[in-house]
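[1] everything below, folded, please.
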Amino acid sequence: MRLAAALVASTLAVPAGAAPMALGDKLTPFTLKDQTGKDLNLASLHGKKAVVLIFVSTECPVSNAYNDRMAALAKDYSGQAVAVVGINANKEETVQAIGEHASKHGFSFPVLKDEGNVQADRFGAQVTPEAYVFDSSSVLRYHGRIDDNKAGTDIKSQDLRKAIDAVIAGQEPPVKETKAFGCTIKRVNN
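    Predicted coordinates for the structure are as follows:
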């Protein structure tokens with residue numbers, strides 16, 4: 001019986017008949033509350049050269065190891081028509097905790113609360129941090145890690161930055177997909 005329940009739960013991660021977001025798929029806008037409790041509709045980001053969505057956590061040590069790099073990324077691209085948006089899908093992390101975390105770490109970008117991990121399931125996001133880059137036509141061009149070194153001391157491949165640079169230049173990213181690593185997203189039981 002438990003095995004059957006587990007199988008049913010695993011099939012609920014993505015809406016019936018839908019596959020997780022894949023390279024080349026178009027982003028369907030959605031609305032979530034940000035860390036201040038305000039609604040943010042991703043349709044409002046239409047016209048940006050790139051939209052970067054990063055699944056993040058307030059508690060995951062791997063996600064937290066990237067806080068400074070995520071803050072710098074948002075700052076570095078702020079004048080280049082690039083929107084960076086964090087999404088927190090962990091069931092036990094509250095909007096209040098997300099707001100405090102974002103403020104403490106100098107996030108200039110919104111962090112949205114994905115209640116019930118609906119968007120994490122739709123995207124197929126598994127870990128924090130995990131990044132998705134969409135072009136000006138809302139087409140997914142990159143999915144994966146931010147870079148290749150959790151500690152940030154010996155980075156050899158700036159995968160996310162290379163993807164953003166390519167997308168804003170109207171080119172294909174040199175690497176379109178990498179394996180994201182970090183803490184698993186703590187999902188609600190469906």
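[2] all the strands of the chain, residue numbers only.
    Along the chain, counting by DSSP state E, strands occupy 31-33, 39-41, 50-55, 82-88, 111-113, 127-128, 130-135, 140-144, 183-184.
[3] possible to save those strands as JSON lines with mean neighbour count and mean pLDDT?
    No exception for glycine: its C-beta is placed from N, CA and C like everyone else's. Below are the strands of the chain laid out as JSON lines (neighbours: other CB atoms under 10 Å; pLDDT from 0 to 100):
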{"stretch": "strand 31-33", "mean neighbour count": "16", "mean pLDDT": "96"}
{"stretch": "strand 39-41", "mean neighbour count": "13", "mean pLDDT": "96"}
{"stretch": "strand 50-55", "mean neighbour count": "25", "mean pLDDT": "98"}
{"stretch": "strand 82-88", "mean neighbour count": "24", "mean pLDDT": "98"}
{"stretch": "strand 111-113", "mean neighbour count": "24", "mean pLDDT": "98"}
{"stretch": "strand 127-128", "mean neighbour count": "24", "mean pLDDT": "98"}
{"stretch": "strand 130-135", "mean neighbour count": "25", "mean pLDDT": "98"}
{"stretch": "strand 140-144", "mean neighbour count": "23", "mean pLDDT": "98"}
{"stretch": "strand 183-184", "mean neighbour count": "14", "mean pLDDT": "97"}
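[4] closest to Leu23 out of those?
    Nearest to Leu23 among these is strand 140-144 (5.5 Å), distances taken as CB to CB.
[5] quick check: Thr58 vs Val133, distance?
    Applying CB to CB, to the nearest Å, the value for Thr58 to Val133 is 23 Å.
[6] can you point out the buried residues in stretch 37-47?
    Leu40, Leu42, Leu45 (16 or more other CB atoms under 10 Å).
[7] thank you kindly, that will do.
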